[in-house]
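Chemist: Predicted model and sequence below, questions to follow.
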Amino acid sequence: MLGLVVLLLSACKNESDLGIFQGHGDIGNVGRAGWVLFDASDSSYTVSGSGTNMWFDSDEFHYVWKELRGDVSITADIEWEGEGLDPHRKACLIIRQSLDTSAAYVDAAIHGDGLTSIQYRDMKGGMTREVQSNISSPQRVRIEKHGDYISMSVAKKGLVLESSGGTFKLPFSEPFYIGLGVCAHNNNTMETAIFSNVKIEALVQKPDSLKRIESTLETIAVSSFDRRVVYHIRSHIEAPNWTPDGKNLIYNSGGKLYTIPVSGGNPSMIPTGFASRINNDHGISPDGRQLVISDQTESGHSLIYTLPIEGGDPKRVTSLGPSYWHGWSPDGKTLTYCAERNGNYDVYTIPVAGGKETRLSTAEGLDDGPDYSPDGRHIYFNSVRTGSMQIWRMKADGSEQEQVTTDEYNDWFAHPSPDGRWIVYVSFGTDVPAASHPPNKDVMLRIMNLETGEVRVMAKLFGGQGTINVPSWSPDSEHLAFVSYRLN
(Lines give C-alpha, C1' and ligand atoms only; values in the text may rest on other atoms or scores of the structure.)
Protein backbone atom coordinates (compact mmCIF):
# COMPACT_ATOMS: atom_id res chain seq x y z
CA MET A 1 0.00 0.00 0.00
CA LEU A 2 2.82 2.37 0.91
CA GLY A 3 4.52 1.57 -2.40
CA LEU A 4 1.35 2.45 -4.32
CA VAL A 5 1.10 5.82 -2.52
CA VAL A 6 4.76 6.59 -3.32
CA LEU A 7 4.17 5.68 -6.97
CA LEU A 8 1.10 7.95 -7.21
CA LEU A 9 2.95 10.83 -5.54
CA SER A 10 5.86 10.37 -7.94
CA ALA A 11 3.54 10.45 -10.97
CA CYS A 12 1.83 13.61 -9.72
CA LYS A 13 5.20 15.25 -9.10
CA ASN A 14 6.44 14.38 -12.58
CA GLU A 15 3.20 15.61 -14.14
CA SER A 16 3.56 19.00 -12.44
CA ASP A 17 7.18 19.29 -13.57
CA LEU A 18 6.93 20.10 -17.29
CA GLY A 19 10.55 20.86 -18.06
CA ILE A 20 10.68 23.55 -20.78
CA PHE A 21 6.88 23.83 -20.93
CA GLN A 22 4.50 25.92 -18.83
CA GLY A 23 1.21 24.05 -18.86
CA HIS A 24 -0.88 21.27 -20.33
CA GLY A 25 -4.52 20.35 -20.75
CA ASP A 26 -7.19 18.93 -22.99
CA ILE A 27 -8.36 20.98 -25.98
CA GLY A 28 -11.98 20.47 -27.01
CA ASN A 29 -14.58 18.03 -25.73
CA VAL A 30 -12.41 14.94 -25.25
CA GLY A 31 -13.93 11.69 -24.09
CA ARG A 32 -11.12 10.84 -21.66
CA ALA A 33 -8.79 13.19 -19.81
CA GLY A 34 -5.24 13.28 -21.14
CA TRP A 35 -2.02 13.46 -19.18
CA VAL A 36 1.73 14.05 -19.49
CA LEU A 37 4.76 12.66 -17.64
CA PHE A 38 8.12 14.42 -17.86
CA ASP A 39 11.25 12.38 -17.22
CA ALA A 40 14.07 14.75 -16.26
CA SER A 41 16.67 11.99 -16.61
CA ASP A 42 16.35 12.00 -20.40
CA SER A 43 14.17 15.11 -20.93
CA SER A 44 11.40 13.03 -22.49
CA TYR A 45 7.67 13.67 -22.41
CA THR A 46 5.13 10.84 -22.44
CA VAL A 47 1.84 12.33 -23.62
CA SER A 48 -1.52 10.57 -23.74
CA GLY A 49 -4.67 11.95 -25.30
CA SER A 50 -8.07 10.96 -26.60
CA GLY A 51 -10.17 13.14 -28.92
CA THR A 52 -12.08 12.52 -32.11
CA ASN A 53 -9.76 14.44 -34.44
CA MET A 54 -7.64 17.49 -35.15
CA TRP A 55 -9.31 18.48 -38.40
CA PHE A 56 -12.20 20.41 -39.98
CA ASP A 57 -13.05 23.51 -37.91
CA SER A 58 -12.24 22.29 -34.36
CA ASP A 59 -9.86 20.00 -32.50
CA GLU A 60 -9.85 17.50 -29.65
CA PHE A 61 -6.47 16.46 -28.20
CA HIS A 62 -4.11 16.82 -25.24
CA TYR A 63 -1.66 19.74 -25.45
CA VAL A 64 1.58 20.45 -23.57
CA TRP A 65 2.42 24.09 -24.22
CA LYS A 66 4.57 27.17 -23.70
CA GLU A 67 3.67 30.76 -24.55
CA LEU A 68 6.17 32.46 -26.88
CA ARG A 69 6.86 35.32 -29.27
CA GLY A 70 9.07 35.82 -32.32
CA ASP A 71 10.62 33.36 -34.76
CA VAL A 72 10.96 29.95 -33.20
CA SER A 73 11.29 26.22 -33.83
CA ILE A 74 10.39 23.09 -31.90
CA THR A 75 12.14 19.77 -32.57
CA ALA A 76 11.64 16.27 -31.15
CA ASP A 77 12.10 12.56 -31.70
CA ILE A 78 8.61 11.03 -31.79
CA GLU A 79 7.76 7.41 -31.03
CA TRP A 80 4.35 5.79 -30.63
CA GLU A 81 3.74 3.57 -27.63
CA GLY A 82 2.01 0.39 -28.78
CA GLU A 83 0.36 -0.42 -32.08
CA GLY A 84 -2.70 1.73 -31.44
CA LEU A 85 -6.28 1.33 -32.59
CA ASP A 86 -6.57 3.94 -35.35
CA PRO A 87 -4.05 4.54 -38.17
CA HIS A 88 -5.05 8.22 -38.14
CA ARG A 89 -3.95 8.88 -34.54
CA LYS A 90 -1.65 11.90 -34.44
CA ALA A 91 1.45 12.87 -32.48
CA CYS A 92 2.21 16.51 -33.20
CA LEU A 93 4.53 19.46 -32.75
CA ILE A 94 2.12 22.38 -32.61
CA ILE A 95 2.09 26.17 -32.91
CA ARG A 96 -1.32 27.46 -31.90
CA GLN A 97 -2.83 30.93 -31.67
CA SER A 98 -4.84 30.10 -28.54
CA LEU A 99 -6.12 27.20 -26.45
CA ASP A 100 -9.57 27.49 -28.03
CA THR A 101 -10.81 24.34 -29.78
CA SER A 102 -11.23 26.18 -33.12
CA ALA A 103 -8.07 28.35 -32.97
CA ALA A 104 -5.77 28.96 -35.90
CA TYR A 105 -2.85 26.53 -35.73
CA VAL A 106 -0.17 24.63 -37.58
CA ASP A 107 1.37 21.31 -36.64
CA ALA A 108 3.85 18.74 -37.83
CA ALA A 109 1.89 15.51 -37.41
CA ILE A 110 3.08 11.92 -37.49
CA HIS A 111 0.09 9.62 -37.93
CA GLY A 112 -0.23 6.08 -36.67
CA ASP A 113 0.28 4.70 -40.19
CA GLY A 114 3.42 6.81 -40.73
CA LEU A 115 1.86 9.57 -42.83
CA THR A 116 3.72 12.79 -41.99
CA SER A 117 2.26 16.17 -42.84
CA ILE A 118 1.94 19.81 -41.95
CA GLN A 119 -1.66 20.48 -40.96
CA TYR A 120 -3.01 23.99 -40.53
CA ARG A 121 -6.07 26.15 -39.95
CA ASP A 122 -5.37 29.69 -41.15
CA MET A 123 -8.17 31.41 -39.21
CA LYS A 124 -10.30 30.73 -36.15
CA GLY A 125 -13.12 28.37 -37.10
CA GLY A 126 -11.69 27.79 -40.59
CA MET A 127 -11.19 24.43 -42.23
CA THR A 128 -8.03 22.41 -41.68
CA ARG A 129 -5.76 21.73 -44.65
CA GLU A 130 -2.50 19.87 -44.99
CA VAL A 131 0.75 19.51 -46.91
CA GLN A 132 1.70 15.83 -47.04
CA SER A 133 5.40 15.00 -46.93
CA ASN A 134 6.84 12.40 -49.28
CA ILE A 135 8.75 10.92 -46.31
CA SER A 136 6.90 8.47 -44.05
CA SER A 137 7.56 7.62 -40.38
CA PRO A 138 10.54 9.89 -39.67
CA GLN A 139 12.22 9.61 -36.28
CA ARG A 140 12.94 13.31 -35.73
CA VAL A 141 10.71 16.22 -36.74
CA ARG A 142 10.99 20.01 -36.56
CA ILE A 143 8.50 22.77 -37.29
CA GLU A 144 9.74 26.33 -37.81
CA LYS A 145 8.12 29.74 -37.81
CA HIS A 146 10.10 32.31 -39.83
CA GLY A 147 8.09 35.52 -39.88
CA ASP A 148 4.74 34.52 -41.35
CA TYR A 149 6.10 31.39 -43.06
CA ILE A 150 5.90 27.87 -41.67
CA SER A 151 8.08 24.92 -42.67
CA MET A 152 8.78 21.37 -41.54
CA SER A 153 11.96 19.30 -41.50
CA VAL A 154 12.18 15.53 -40.97
CA ALA A 155 14.87 12.88 -40.54
CA LYS A 156 14.90 9.11 -40.60
CA LYS A 157 16.91 7.35 -37.87
CA GLY A 158 20.61 8.21 -38.07
CA LEU A 159 20.15 10.98 -40.65
CA VAL A 160 20.21 14.75 -40.34
CA LEU A 161 17.10 16.91 -40.55
CA GLU A 162 16.17 18.09 -44.03
CA SER A 163 13.32 20.29 -45.20
CA SER A 164 10.27 18.32 -46.27
CA GLY A 165 9.14 21.15 -48.59
CA GLY A 166 5.75 22.77 -48.89
CA THR A 167 6.38 26.04 -47.05
CA PHE A 168 3.31 28.25 -46.69
CA LYS A 169 2.20 31.57 -45.18
CA LEU A 170 0.23 31.66 -41.93
CA PRO A 171 0.56 34.79 -39.73
CA PHE A 172 0.32 34.43 -35.93
CA SER A 173 -0.23 37.36 -33.59
CA GLU A 174 1.91 37.45 -30.44
CA PRO A 175 1.96 35.77 -28.06
CA PHE A 176 1.15 32.29 -29.36
CA TYR A 177 1.50 28.77 -27.97
CA ILE A 178 4.01 26.13 -28.96
CA GLY A 179 4.23 22.54 -27.79
CA LEU A 180 3.38 18.84 -28.06
CA GLY A 181 0.03 17.19 -28.74
CA VAL A 182 -1.58 13.77 -29.07
CA CYS A 183 -4.96 12.93 -30.58
CA ALA A 184 -6.32 9.36 -30.52
CA HIS A 185 -8.71 9.89 -33.45
CA ASN A 186 -11.21 8.06 -31.26
CA ASN A 187 -12.89 9.90 -28.41
CA ASN A 188 -13.24 6.79 -26.26
CA THR A 189 -9.62 5.69 -26.62
CA MET A 190 -6.31 6.89 -25.19
CA GLU A 191 -3.19 6.89 -27.37
CA THR A 192 0.31 7.60 -26.10
CA ALA A 193 3.42 9.02 -27.78
CA ILE A 194 6.90 9.65 -26.39
CA PHE A 195 8.61 12.92 -27.34
CA SER A 196 12.34 12.91 -26.57
CA ASN A 197 15.27 15.25 -27.19
CA VAL A 198 12.75 18.09 -27.29
CA LYS A 199 14.19 21.51 -28.13
CA ILE A 200 12.59 24.92 -28.47
CA GLU A 201 14.93 27.43 -30.11
CA ALA A 202 14.72 31.09 -31.06
CA LEU A 203 15.58 31.52 -34.74
CA VAL A 204 17.95 34.15 -36.09
CA GLN A 205 17.55 35.43 -39.64
CA LYS A 206 20.43 34.66 -42.00
CA PRO A 207 21.78 37.44 -44.22
CA ASP A 208 20.30 37.13 -47.71
CA SER A 209 23.78 36.55 -49.10
CA LEU A 210 23.99 33.25 -47.18
CA LYS A 211 20.57 31.94 -48.17
CA ARG A 212 20.01 29.29 -50.83
CA ILE A 213 16.92 28.59 -52.89
CA GLU A 214 14.86 25.49 -52.15
CA SER A 215 12.17 24.30 -54.56
CA THR A 216 9.23 22.01 -53.86
CA LEU A 217 7.22 20.37 -56.63
CA GLU A 218 3.72 19.86 -55.27
CA THR A 219 0.19 18.90 -56.21
CA ILE A 220 -2.96 20.40 -54.73
CA ALA A 221 -6.48 18.94 -54.69
CA VAL A 222 -9.32 21.10 -56.01
CA SER A 223 -11.82 19.48 -53.63
CA SER A 224 -9.93 20.19 -50.39
CA PHE A 225 -6.92 22.40 -51.25
CA ASP A 226 -4.75 19.80 -49.49
CA ARG A 227 -1.21 19.70 -50.85
CA ARG A 228 1.22 16.83 -51.38
CA VAL A 229 4.97 17.07 -51.86
CA VAL A 230 6.21 15.21 -54.95
CA TYR A 231 9.84 16.34 -54.90
CA HIS A 232 12.00 18.72 -52.88
CA ILE A 233 15.46 19.95 -53.86
CA ARG A 234 17.95 22.62 -52.77
CA SER A 235 18.14 24.17 -56.22
CA HIS A 236 15.86 25.98 -58.64
CA ILE A 237 13.14 24.17 -60.62
CA GLU A 238 10.12 25.64 -62.42
CA ALA A 239 6.83 25.25 -64.22
CA PRO A 240 5.43 21.69 -64.07
CA ASN A 241 3.34 20.18 -66.85
CA TRP A 242 1.12 17.16 -66.13
CA THR A 243 1.28 14.44 -68.79
CA PRO A 244 -2.08 13.52 -70.42
CA ASP A 245 -1.83 9.95 -69.08
CA GLY A 246 -1.76 11.36 -65.55
CA LYS A 247 1.42 9.53 -64.58
CA ASN A 248 4.25 12.08 -64.77
CA LEU A 249 5.22 15.71 -64.33
CA ILE A 250 7.68 17.60 -66.51
CA TYR A 251 9.59 20.65 -65.26
CA ASN A 252 12.60 22.75 -66.26
CA SER A 253 15.81 23.42 -64.35
CA GLY A 254 19.15 24.86 -65.45
CA GLY A 255 18.04 25.09 -69.08
CA LYS A 256 17.00 21.43 -69.30
CA LEU A 257 13.76 19.45 -68.99
CA TYR A 258 13.15 16.70 -66.43
CA THR A 259 10.39 14.17 -65.84
CA ILE A 260 9.33 12.62 -62.54
CA PRO A 261 6.46 10.31 -61.55
CA VAL A 262 3.52 12.08 -59.90
CA SER A 263 3.90 9.59 -57.05
CA GLY A 264 7.46 10.85 -56.43
CA GLY A 265 10.89 9.37 -56.92
CA ASN A 266 13.99 10.43 -58.80
CA PRO A 267 13.74 12.77 -61.81
CA SER A 268 15.18 11.88 -65.23
CA MET A 269 16.52 14.37 -67.76
CA ILE A 270 14.76 14.47 -71.13
CA PRO A 271 17.23 14.68 -74.06
CA THR A 272 16.60 17.90 -75.99
CA GLY A 273 19.43 17.93 -78.54
CA PHE A 274 21.11 21.30 -78.94
CA ALA A 275 18.51 23.05 -76.75
CA SER A 276 20.25 23.79 -73.45
CA ARG A 277 18.68 27.15 -72.52
CA ILE A 278 15.05 26.09 -72.13
CA ASN A 279 12.97 28.51 -70.06
CA ASN A 280 9.77 27.96 -68.10
CA ASP A 281 7.44 28.21 -71.13
CA HIS A 282 7.07 24.57 -72.21
CA GLY A 283 4.23 22.09 -72.58
CA ILE A 284 2.77 18.88 -73.97
CA SER A 285 0.59 18.25 -77.02
CA PRO A 286 -3.04 17.20 -76.41
CA ASP A 287 -2.30 13.68 -77.67
CA GLY A 288 0.73 13.38 -75.37
CA ARG A 289 3.14 12.64 -78.21
CA GLN A 290 5.07 15.92 -78.46
CA LEU A 291 6.76 18.52 -76.31
CA VAL A 292 6.90 22.22 -77.05
CA ILE A 293 9.73 24.33 -75.62
CA SER A 294 10.87 27.93 -75.61
CA ASP A 295 14.66 28.03 -75.92
CA GLN A 296 17.29 30.66 -76.67
CA THR A 297 20.32 28.49 -77.51
CA GLU A 298 20.36 29.18 -81.27
CA SER A 299 19.72 32.91 -81.46
CA GLY A 300 20.18 34.33 -77.97
CA HIS A 301 16.46 35.10 -77.67
CA SER A 302 13.59 32.73 -77.04
CA LEU A 303 12.20 30.76 -80.00
CA ILE A 304 9.58 28.00 -80.01
CA TYR A 305 10.36 24.40 -80.97
CA THR A 306 8.65 21.01 -80.90
CA LEU A 307 10.19 17.59 -80.26
CA PRO A 308 9.02 14.05 -79.37
CA ILE A 309 7.69 13.55 -75.82
CA GLU A 310 10.51 11.09 -75.08
CA GLY A 311 13.08 13.65 -76.25
CA GLY A 312 15.00 14.25 -79.45
CA ASP A 313 16.10 17.00 -81.81
CA PRO A 314 13.98 20.17 -81.61
CA LYS A 315 12.20 21.45 -84.72
CA ARG A 316 11.84 25.22 -84.91
CA VAL A 317 8.32 26.65 -85.18
CA THR A 318 8.77 30.43 -84.89
CA SER A 319 11.29 32.31 -87.01
CA LEU A 320 10.95 35.54 -85.05
CA GLY A 321 11.83 36.14 -81.40
CA PRO A 322 11.52 36.56 -78.60
CA SER A 323 8.58 34.15 -78.58
CA TYR A 324 7.34 32.43 -75.42
CA TRP A 325 4.97 29.46 -75.79
CA HIS A 326 1.93 29.18 -73.50
CA GLY A 327 -0.90 27.16 -75.07
CA TRP A 328 -1.66 24.32 -77.51
CA SER A 329 -5.08 24.17 -79.19
CA PRO A 330 -7.15 21.10 -78.26
CA ASP A 331 -7.20 19.92 -81.89
CA GLY A 332 -3.40 19.87 -81.85
CA LYS A 333 -3.03 22.19 -84.86
CA THR A 334 -2.14 25.60 -83.37
CA LEU A 335 0.16 27.11 -80.77
CA THR A 336 -0.49 30.36 -78.92
CA TYR A 337 2.28 32.40 -77.37
CA CYS A 338 3.46 35.77 -76.12
CA ALA A 339 5.91 37.61 -78.37
CA GLU A 340 7.66 40.95 -78.48
CA ARG A 341 7.45 42.67 -81.86
CA ASN A 342 8.44 46.31 -82.36
CA GLY A 343 8.65 46.97 -78.62
CA ASN A 344 5.20 45.62 -77.71
CA TYR A 345 4.29 42.27 -76.15
CA ASP A 346 1.12 40.69 -77.56
CA VAL A 347 -0.62 37.34 -78.00
CA TYR A 348 0.03 35.44 -81.24
CA THR A 349 -0.86 32.11 -82.82
CA ILE A 350 0.99 29.97 -85.35
CA PRO A 351 0.46 26.54 -86.94
CA VAL A 352 2.34 23.75 -85.13
CA ALA A 353 4.20 23.01 -88.36
CA GLY A 354 5.37 26.62 -88.57
CA GLY A 355 4.47 29.35 -91.02
CA LYS A 356 2.97 32.81 -90.70
CA GLU A 357 2.14 34.05 -87.22
CA THR A 358 -1.14 35.83 -86.44
CA ARG A 359 -1.33 38.70 -83.98
CA LEU A 360 -4.42 38.47 -81.76
CA SER A 361 -4.00 41.38 -79.30
CA THR A 362 -2.98 44.95 -80.09
CA ALA A 363 -3.37 46.84 -76.79
CA GLU A 364 -0.44 48.92 -75.58
CA GLY A 365 1.60 47.31 -72.84
CA LEU A 366 1.94 43.66 -71.94
CA ASP A 367 -0.45 40.88 -72.99
CA ASP A 368 0.91 37.52 -71.84
CA GLY A 369 0.20 33.95 -70.75
CA PRO A 370 -2.34 32.77 -73.38
CA ASP A 371 -3.95 29.36 -72.87
CA TYR A 372 -6.82 27.67 -74.74
CA SER A 373 -10.13 26.69 -73.20
CA PRO A 374 -10.70 22.91 -73.50
CA ASP A 375 -13.27 23.38 -76.29
CA GLY A 376 -10.81 25.51 -78.27
CA ARG A 377 -13.26 28.41 -78.61
CA HIS A 378 -11.48 30.85 -76.30
CA ILE A 379 -8.02 31.93 -75.25
CA TYR A 380 -7.45 33.18 -71.72
CA PHE A 381 -4.60 35.63 -71.19
CA ASN A 382 -3.41 38.32 -68.78
CA SER A 383 -3.23 41.98 -69.76
CA VAL A 384 -2.04 45.21 -68.12
CA ARG A 385 -4.19 47.40 -70.39
CA THR A 386 -6.39 48.65 -67.50
CA GLY A 387 -3.44 49.64 -65.29
CA SER A 388 -3.21 46.46 -63.19
CA MET A 389 -2.56 42.97 -64.49
CA GLN A 390 -5.89 41.14 -64.87
CA ILE A 391 -7.18 37.99 -66.54
CA TRP A 392 -8.91 38.45 -69.91
CA ARG A 393 -10.57 36.18 -72.43
CA MET A 394 -11.08 36.35 -76.20
CA LYS A 395 -12.36 34.20 -79.03
CA ALA A 396 -9.67 31.99 -80.56
CA ASP A 397 -9.48 34.38 -83.54
CA GLY A 398 -8.78 37.35 -81.23
CA SER A 399 -12.27 38.86 -81.31
CA GLU A 400 -14.56 39.79 -78.39
CA GLN A 401 -11.83 40.51 -75.82
CA GLU A 402 -13.36 40.78 -72.33
CA GLN A 403 -12.04 41.20 -68.81
CA VAL A 404 -12.52 38.22 -66.45
CA THR A 405 -10.99 39.37 -63.14
CA THR A 406 -11.30 42.79 -61.51
CA ASP A 407 -9.57 43.05 -58.16
CA GLU A 408 -6.75 44.72 -56.26
CA TYR A 409 -4.18 42.06 -57.13
CA ASN A 410 -2.02 41.53 -60.21
CA ASP A 411 -3.25 38.27 -61.76
CA TRP A 412 -1.10 36.14 -64.08
CA PHE A 413 -1.15 32.91 -66.09
CA ALA A 414 -4.75 31.68 -66.12
CA HIS A 415 -5.04 27.98 -66.93
CA PRO A 416 -8.48 26.49 -67.69
CA SER A 417 -9.18 23.02 -66.29
CA PRO A 418 -9.65 20.19 -68.80
CA ASP A 419 -13.33 19.90 -67.84
CA GLY A 420 -13.89 23.63 -68.44
CA ARG A 421 -15.21 24.34 -64.92
CA TRP A 422 -12.31 26.33 -63.48
CA ILE A 423 -9.41 28.62 -64.15
CA VAL A 424 -6.41 28.70 -61.82
CA TYR A 425 -4.01 31.63 -61.75
CA VAL A 426 -1.28 33.18 -59.60
CA SER A 427 -1.86 36.55 -57.91
CA PHE A 428 0.82 39.04 -56.89
CA GLY A 429 0.25 41.89 -54.44
CA THR A 430 0.34 45.57 -55.32
CA ASP A 431 3.96 45.74 -54.08
CA VAL A 432 4.93 44.12 -57.39
CA PRO A 433 4.75 46.25 -60.57
CA ALA A 434 1.74 45.28 -62.66
CA ALA A 435 3.78 44.27 -65.72
CA SER A 436 6.24 42.17 -63.69
CA HIS A 437 6.10 38.59 -62.44
CA PRO A 438 9.33 38.19 -60.44
CA PRO A 439 10.45 35.19 -58.38
CA ASN A 440 10.58 34.98 -54.59
CA LYS A 441 7.45 36.92 -53.70
CA ASP A 442 4.41 36.39 -51.52
CA VAL A 443 1.78 35.09 -53.94
CA MET A 444 -1.53 33.26 -53.92
CA LEU A 445 -2.81 30.42 -56.06
CA ARG A 446 -6.44 31.29 -56.77
CA ILE A 447 -9.23 29.37 -58.47
CA MET A 448 -12.31 30.77 -60.19
CA ASN A 449 -15.52 28.88 -60.80
CA LEU A 450 -16.34 29.82 -64.40
CA GLU A 451 -20.07 29.24 -63.91
CA THR A 452 -20.55 31.35 -60.77
CA GLY A 453 -17.50 33.64 -60.90
CA GLU A 454 -16.60 32.73 -57.29
CA VAL A 455 -12.87 33.10 -56.53
CA ARG A 456 -11.16 31.20 -53.70
CA VAL A 457 -7.59 31.12 -52.44
CA MET A 458 -6.08 27.66 -52.86
CA ALA A 459 -2.74 28.43 -51.21
CA LYS A 460 -0.60 31.30 -49.94
CA LEU A 461 3.04 30.65 -50.68
CA PHE A 462 6.47 32.04 -51.54
CA GLY A 463 6.82 31.89 -55.30
CA GLY A 464 5.78 33.76 -58.44
CA GLN A 465 7.91 33.28 -61.52
CA GLY A 466 8.15 29.51 -62.04
CA THR A 467 5.16 28.57 -59.87
CA ILE A 468 2.52 27.91 -62.59
CA ASN A 469 3.73 29.62 -65.78
CA VAL A 470 2.37 26.82 -67.95
CA PRO A 471 -0.64 24.45 -68.07
CA SER A 472 -0.31 22.13 -65.08
CA TRP A 473 -3.73 20.53 -64.55
CA SER A 474 -4.15 16.81 -64.02
CA PRO A 475 -6.13 15.30 -66.91
CA ASP A 476 -9.10 14.56 -64.62
CA SER A 477 -9.26 18.22 -63.45
CA GLU A 478 -8.98 17.14 -59.81
CA HIS A 479 -5.45 18.36 -59.07
CA LEU A 480 -2.98 21.04 -60.06
CA ALA A 481 0.83 20.86 -60.02
CA PHE A 482 2.95 23.85 -59.00
CA VAL A 483 6.30 24.84 -57.48
CA SER A 484 6.75 26.66 -54.17
CA TYR A 485 10.04 28.10 -52.98
CA ARG A 486 11.99 28.90 -49.83
CA LEU A 487 15.13 30.97 -49.21
CA ASN A 488 17.06 29.27 -46.42
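Modeler: On my side now, so go ahead.

Chemist: Kindly state the beta-bridge partners for residue 201.
Modeler: Beta bridges link residue 201 to residue 73, judged by DSSP bridges.

Chemist: pLDDT score for it?
Modeler: We note a pLDDT of 98 for residue 201 in this prediction.

Chemist: thought it was touching residue 71?
Modeler: No - using Cβ atoms under 8 Å, residue 201 is not in contact with residue 71, being 9.6 Å away. Glycine gets a C-beta too; all of them are placed from N, C-alpha and C.

Chemist: So for the two, which sits in the more crowded spot?
Modeler: Neighbour totals were compared for residue 201 and residue 71, and residue 71 leads with 15 against 12 (other Cβ atoms under 10 Å).

Chemist: doesn't residue 146 make contact with the more buried one?
Modeler: Yes - between residue 71 and residue 146 a contact is recorded at 5.4 Å, counting by Cβ under 8 Å.

Chemist: okay, and the common contacts of the two?
Modeler: 203, 205 (Cβ atoms under 8 Å, 6 or more residues apart in numbering).

Chemist: Residue 53: what's it in contact with?
Modeler: 59, 60, 88, 183, 185.

Chemist: Same list (those residues) but as CSV, adding secondary structure, distance to residue 402 and neighbour count.
Modeler: Putting these into CSV (DSSP: H, G, I helix; E, B strand; the rest coil; distance: Cβ to Cβ, whole Å; neighbours: other Cβ atoms under 10 Å) gives the following:
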residue, secondary structure, distance to residue 402, neighbour count
59, strand, 45, 29
60, coil, 49, 23
88, coil, 47, 17
183, strand, 49, 33
185, coil, 49, 23
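
Chemist: Residue 209: neighbouring residues, count only.
Modeler: 5.

Chemist: And it, its phi and psi?
Modeler: For residue 209, the backbone dihedrals (degrees, to the nearest 10) come out as phi -70, psi -20.

Chemist: Could you tell me the per-residue confidence at it?
Modeler: 85.

Chemist: Walk me through the domains of the chain.
Modeler: 2-202, 208-487 (automatic domain parsing).

Chemist: Of those domains, which shows the lowest average pLDDT?
Modeler: domain 2-202 (a mean of 92).

Chemist: How far away from the center of its chain is it?
Modeler: Taking Cα atoms, centre = their mean, to the nearest Å, one finds the center of domain 2-202 at 22 Å from the center of the full chain.

Chemist: backbone phi and psi for residue 396, please?
Modeler: As for residue 396, its main-chain torsions (degrees, to the nearest 10) stand at phi -60, psi -20.

Chemist: For it, give me its contacts.
Modeler: Neighbours of residue 396 in contact, by Cβ under 8 Å, 6+ apart: 329, 349, 372, 376, 377, 378, 379.

Chemist: And those residues, which two are furthest apart?
Modeler: Within the contacts of residue 396, 349 and 377 form the most distant pair, 13.7 Å apart (Cβ to Cβ).

Chemist: Please identify which of these two sits among more neighbours.
Modeler: residue 349 (22 against 13).

Chemist: For the more buried one, what is the enclosing helix or strand?
Modeler: Residue 349 belongs to strand 344-351 when assigned by DSSP states H and E.

Chemist: TSV for the contacts of residue 396, including secondary structure and distance to residue 409?
Modeler: What follows is the contacts of residue 396, written out as TSV (DSSP: H, G, I helix; E, B strand; the rest coil; distance: Cβ to Cβ, whole Å):
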residue	secondary structure	distance to residue 409
329	coil	29
349	strand	28
372	strand	24
376	coil	28
377	coil	27
378	strand	22
379	strand	21
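
Chemist: and of those residues, the nearest to residue 214?
Modeler: Nearest to residue 214 out of these is residue 372 (Cβ to Cβ; 33.0 Å).

Chemist: Please state the backbone phi and psi of the nearest residue to the closest one once chain neighbours are set aside?
Modeler: Nearest non-adjacent residue to residue 372, counting by Cβ to Cβ, 6 or more residues apart in numbering: residue 327, 4.7 Å away. Phi and psi for residue 327, reported as degrees, to the nearest 10, are phi -150, psi 150.

Chemist: Run through the residues that contact the nearest residue to residue 125 once chain neighbours are set aside.
Modeler: Excluding the flanking residues, the one nearest residue 125 by Cβ to Cβ, 6+ apart is residue 102, at 4.6 Å. The contact partners of residue 102, by Cβ under 8 Å, 6+ apart, come to 57, 58, 59, 121, 124, 125.

Chemist: Apply 10 Å and report the result again.
Modeler: Counting by Cβ atoms under 10 Å, 6 or more residues apart in numbering, residue 102 makes contact with 27, 28, 56, 57, 58, 59, 121, 123, 124, 125, 126.

Chemist: Wait, the first one touches residue 52, no?
Modeler: No - with the criterion set as Cβ atoms under 10 Å, residue 27 and residue 52 do not qualify as a contacting pair; they are 11.6 Å apart.

Chemist: Give me the common contacts of those two.
Modeler: Common neighbours of residue 27 and residue 52, counting by Cβ under 10 Å, 6+ apart, are 58, 59, 60, 61, 183.
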